[in-house]
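> heads up, no residue letters with this:
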């Protein structure tokens, strides 16, 4: 009984795929497989090129890797290996390949650049490490290898949805940091158009976490909001009240119902009595130079009124909460007046080394009694004045000091 004959392997090919000799000498038109989806395609003209066939999100994609005259077999295999990993992770290898040609850095590369540029401004080593670690855990696995100019709303939603309601505070930090990196890429000319993080927020479910109950504007958008606010055709007293609210990270009622007697212009202090505070404790707000200017301007507008910010239609009545809400609607701002407190909190956490306790006290939040007692002694007012001055400088587009005063 004769044995079955087996087709012989062409001598110009190796048992594990193509060989460099085969690639160099093959001129007959056709598609020659190297394995794992990598092909050498020889055109009728005799020119040859590399193509990777890969499945991505259930769709077959053919990705060109360059001509064999400039890309060696080993280089083609390396490129194919990297692109297969991207496809397995759900990323589009065609877009990734295009980005490589264009020389656009990946999101991870941009993130590390931003981290390197900013870490010298953070005195808190723990925050410096956590800033990058958060991205390594929650952003890099999804968009780390994606070119920064290929990240859209869909990619942002993909990384945020799994943690948006289960890890609310962490998710908000991830969103803010991703937004900061994309803003950096846009400012550096790596991408153009709207930051997809702004639009992604509209597609996210409501969080039940108390601190994110109110829609907040990303802190990076606050300077632009102030400019739009000042340029609007709203009543002057309404514009002054809203800017005062933002600069002091105050609640709407605290601002709208404030009598002039609470303001000490000479000392640049605003003392809100316990009965007007949500927490039932007196709250002293150190006013930045601009906040003090606003108070002076409001007093000059309605010198006979008892309230600092009366209704423009009736000086005996307070400015209504609806006036602030309507102003946001007219300016097409997807946020609430209360949400600017979250903007302030995120800014302080992400961009400064002011202590958490000082930030929480600026928001009139209750903190642990022993810690609160310690922070009420010494230079607390100076620390909070520095914090509010930095926030005002940032919100007004004037830059900021990254260092709080020493204890």
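Right, received. Where do you want to start? Everything quoted here is computed from the prediction, not taken from an experiment. Numbers count the residues shown, from 1 in each chain.

> and residue 117, how many residues sit next to it?
Residue 117: 10 surrounding residues under other Cβ atoms under 10 Å. The way it works is simple: take the backbone N, C-alpha and C, and place the C-beta from them, glycine included.

> which strand or helix spans it?
helix 107-118 (DSSP states H and E).

> now that helix: buried residues?
Neighbour-count burial for helix 107-118, with 16 or more other Cβ atoms under 10 Å as criterion, is recorded at 107, 108, 109, 110, 111, 112, 114, 115, 118.

> looking at those residues, which is nearest residue 130?
residue 115 (10.9 Å; Cβ to Cβ).

> who's in contact with the closest residue to that closest one other than its chain neighbours?
Residue nearest to residue 115 in three dimensions, not counting chain neighbours: residue 132, with 5.0 Å by Cβ to Cβ, 6 or more residues apart in numbering. Neighbouring residues of residue 132 by Cβ atoms under 8 Å, 6 or more residues apart in numbering: 111, 112, 115.

> now do residue 254
Here residue 254 is in contact with 272, 276, 277, 283 (Cβ under 8 Å, 6+ apart).

> buried only: go through the residues you listed for me.
272, 276, 283.

> give me the spatial nearest neighbour of the first one, chain neighbours excluded.
It refers to residue 272. Using Cβ to Cβ, 6+ apart and skipping residues adjacent in sequence, the residue nearest residue 272 is residue 283, 4.6 Å away.

> give me the pLDDT for the one you found.
For residue 283, the pLDDT comes out at 88.

> before we move on, the earlier item: secondary structure and distance to residue 18 for the contacts of residue 254 - can I get that in a markdown table?
Shown next, in a markdown table, are those (DSSP: H, G, I helix; E, B strand; the rest coil; distance: Cβ to Cβ, whole Å):
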| residue | secondary structure | distance to residue 18 |
| --- | --- | --- |
| 272 | strand | 77 |
| 276 | helix | 79 |
| 277 | coil | 75 |
| 283 | strand | 74 |
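
> CSV for those, including distance to residue 66?
Converted to CSV, the contacts of residue 254 look like this (distance: Cβ to Cβ, whole Å):
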residue, distance to residue 66
272, 67
276, 69
277, 66
283, 65
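
> pull the most distant pair out of these.
276 and 283, at 8.5 Å, using Cβ to Cβ across the contacts of residue 254.

> so which residues of the stretch 301-407 of the chain form helices?
Counting by DSSP state H, counting those that start in this stretch, one finds helices in the stretch 301-407 of the chain at the ranges 321-330, 339-351, 356-362, 369-376, 380-395.

> for residue 183, find the nearest of those helices.
helix 339-351 (12.0 Å).

> I'd like to know which elements that closest one is packed against.
helix 168-187, helix 222-231, helix 236-248, helix 356-362, helix 380-395 (3 or more Cβ pairs under 8 Å, 6 or more residues apart in numbering; DSSP states H and E).

> wait, which of these is closest to residue 268?
helix 380-395 (8.0 Å).

> how far away is residue 265 from residue 257?
19 Å (Cβ to Cβ, to the nearest Å).

> and what of residue 307?
7 Å.

> show me where pLDDT drops low in the stretch 1-150 of the chain?
1-16, 95-102, 122-127 (pLDDT under 70).

> residue boundaries of the strands in it?
13-14, 17-18, 30-35, 38-42, 48-56, 59-67 (DSSP state E, counting those that start in this stretch).

> among those strands, which comes closest to residue 357?
That would be, of the strands of the stretch 1-150 of the chain and by Cβ to Cβ, strand 48-56, which comes in at 48.2 Å.

> endpoints of stretch 272-284, how far apart?
In stretch 272-284, first residue to last residue: 6 Å (Cα to Cα, to the nearest Å).

> same deal with stretch 309-328?
Stretch 309-328 end-to-end distance (Cα to Cα) = 18 Å.

> got it, and stretch 325-341?
15 Å.

> for residue 113, what are its contacts?
Counted by Cβ under 8 Å, 6+ apart, residue 113 has contacts 105, 184.

> gap between it and residue 141?
Residue 113 is 19 Å from residue 141, by Cβ to Cβ.

> burial measure for the nearest residue to residue 161 once chain neighbours are set aside, as a count.
Closest residue in space to residue 161, ignoring its immediate chain neighbours: residue 204 at 7.1 Å, by Cβ to Cβ, 6+ apart. Residues contacting residue 204 under the criterion other Cβ under 10 Å number 15.

> ramachandran angles for residue 204?
The phi/psi pair for residue 204 (degrees, to the nearest 10) reads phi -90, psi 150.

> residues in contact with it?
Counting by Cβ under 8 Å, 6+ apart, residue 204 has contacts 157, 160, 161, 164.

> which of those sits closest to residue 218?
Closest to residue 218, out of all of the contacts of residue 204 and judged by Cβ to Cβ, is residue 160, at 13.5 Å.

> check which helix or strand covers the closest one.
helix 153-164.

> can you mark which positions in that helix are buried?
Here helix 153-164 shows 153, 155, 156, 157, 159, 160, 163, 164 as buried, counting by 16+ other Cβ under 10 Å.

> repeat that for stretch 140-157.
Buried, per 16+ other Cβ under 10 Å, within stretch 140-157: 140, 142-151, 153, 155-157.

> and the two most separated of the buried residues of helix 153-164?
So, the buried residues of helix 153-164 by Cβ to Cβ: farthest apart are 153 and 163, at 16.9 Å.

> could you find the closest non-adjacent residue to residue 301?
Nearest non-adjacent residue to residue 301 (Cβ to Cβ, 6+ apart): residue 237, at 5.6 Å.
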